[in-house]
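Engineer: Predicted model, plus sequence, below.
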Amino acid sequence: MRLMRMMAVAVVLLGVACGGSSAPPAPKPGDAGPLKVGLLLDQLETERWARDRELFVSRVEELFARVEVRTGEGDHAKQLAAAKELLDAGVKVLVVVPHDLEKAKEIVALAAEKKVPVISYDRLIRDADVALYVSFDNVKVGRMQAEALLAAAPRGNYVLLGGAPTDNNAKLVREGQLEVLKPAISSGAVKVVAEPWIENWDAALAKDAMNAALKKTKSIAAVVASNDATATGAAEALAAAKLSGKVALSGQDADLAACKRIVAGTQTMTVYKPLRSLARMAAGEAVKLAKGEAVESLVKVNNGLKEVPARLLEPIAVNKSNIDVTVISDGYQKKEQVYQPS
């Protein structure tokens with residue numbers, strides 16, 4: 001009997017030494033686990049936000065966590081309902097691209113009830129206890145746009161096409177634009193003939209606003225469009241008025257259509273914001289928060305309630321002379337598509 005017991009122990013030890021079935025398999029990226037991250041977008045209709053989602057999800061899965069994604073479809077009430085779904089699904093952290101900078105505090109309050117921290121992604125949520133804000137320096141985006149257009153058109157009538165009035169970034173971009181334009185406006189070199197805000201950054205609404213400005217005067221030197229969607233609307237209106245390439249035009253996001261206009265000479269510049277860096281940084285911080293770990297911040301941004309820990313990345317001004325070594329070399333857009341005639 002003693003010999004049989006010794007043989008049985010030896011078999012067990014051999015199985016352990018050889019990595020038998022008693023050892024659990026190594027986890028793979030994206031495996032279901034205890035950590036679930038919620039990504040709540042405003043909408044997914046543009047090229048930009050589809051990229052953010054893809055990059056964010058990929059990085060979270062690399063960190064052995066899961067992502068639940070919802071969108072508000074460009075409406076606060078729908079975004080609030082989507083937030084409830086994510087919180088009921090048991091997410092440990094909520095990453096939010098707010099539709100409405102003020103009303104989004106309701107989402108933060110809901111999350112707080114379940115002790116779920118919130119990361120404000122790209123757009124700052126106002127008057128709320130946000131754990132972290134990750135974005136780009138949006139005031140600098142506005143400065144870059146105005147600087148480029150002043151260099152191209154130092155005198156004349158200007159149209160300022162703002163973003164959504166519910167988006168804090170739109171206000172920061174306008175702040176940067178006016179900071180640069182103010183001396184030229186004060187001297188009389190530049191006259192602002194229209195400065196509408198464009199609901200939901202919508203291209204069709206931007207086109208309507210541009211047409212309204214053109215009815216006042218066709219003598220327009222520059223259109224400071226706050227992003228590439230509003231620039232698309234402006235470009236269509238300018239083309240209909242036979243002013244393509246004759247009016248300086250800015251943008252933001254380095255969308256394919258904008259990049260094509262830049263090489264064609266009908267858009268002066270865009271601002272490239274390396275989304276891979278932003279999405280991966282946010283994903284990493286989200287997983288840390290889900291684990292109960294402290295997040296890293298380099299600066300603080302006041303949102304009306306508190307000094308929010310923030311990480312702000314640097315935007316890049318893009319024009320015809322550097323598009324190959326910025327947007328294209330970074331792999332954000334493909335050269336053959338950018339240079340393919342429309």
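Structural biologist: Sure thing, it's come through.
Engineer: which helices and strands does the helix or strand hosting Lys260 pack with?
Structural biologist: Following DSSP states H and E, one finds Lys260 within helix 256-264. Where contact means 3 or more CB pairs under 8 Å, 6 or more residues apart in numbering; DSSP states H and E, helix 256-264 is packed against helix 228-240, strand 270-272, helix 335-338. (C-beta placed from N, C-alpha, C; glycine too.)
Engineer: run the last query once more with 6 Å
Structural biologist: helix 228-240, helix 335-338 (3 or more CB pairs under 6 Å, 6 or more residues apart in numbering; DSSP states H and E).
Engineer: And the helices in the stretch 151-300 of the chain, which stretches?
Structural biologist: For the stretch 151-300 of the chain, applying DSSP state H, counting those that start in this stretch gives helices covering 168-187, 203-216, 228-240, 256-264, 275-290.
Engineer: For these, could you give me CSV that also reports mean pLDDT?
Structural biologist: Below are the helices of the stretch 151-300 of the chain laid out as CSV (pLDDT from 0 to 100):
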stretch, mean pLDDT
helix 168-187, 97
helix 203-216, 98
helix 228-240, 98
helix 256-264, 98
helix 275-290, 95
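Engineer: out of the ones you listed, nearest to Val57?
Structural biologist: Of all the helices of the stretch 151-300 of the chain, helix 275-290 sits nearest to Val57, with 8.1 Å by CB to CB.
Engineer: any weak-confidence spans in this protein?
Structural biologist: Applying pLDDT under 70 to the chain flags residues 1-34.
Engineer: what about the strands in it?
Structural biologist: Secondary structure of the chain (DSSP state E): strands located at 36-41, 66-71, 93-96, 118-121, 132-136, 156-161, 190-194, 222-225, 248-249, 270-272, 299-302, 307-313, 316-318.
Engineer: Give me the contact list for the last one.
Structural biologist: Right, strand 316-318. For strand 316-318, the surrounding residues in contact (CB atoms under 6 Å, 6 or more residues apart in numbering) are 144, 269-272, 326-327.
Engineer: Could you check how many residues crowd around the nearest residue to Lys191 once chain neighbours are set aside?
Structural biologist: Counting by CB to CB, 6 or more residues apart in numbering, the nearest residue to Lys191 once its immediate chain neighbours are dropped is Asn157, at 5.3 Å. Under the neighbour criterion other CB atoms under 10 Å, Asn157 is assigned a count of 20.
Engineer: any idea how far Asn157 lies from Leu132?
Structural biologist: Asn157 is 42 Å from Leu132, where distance means CB to CB, to the nearest Å.
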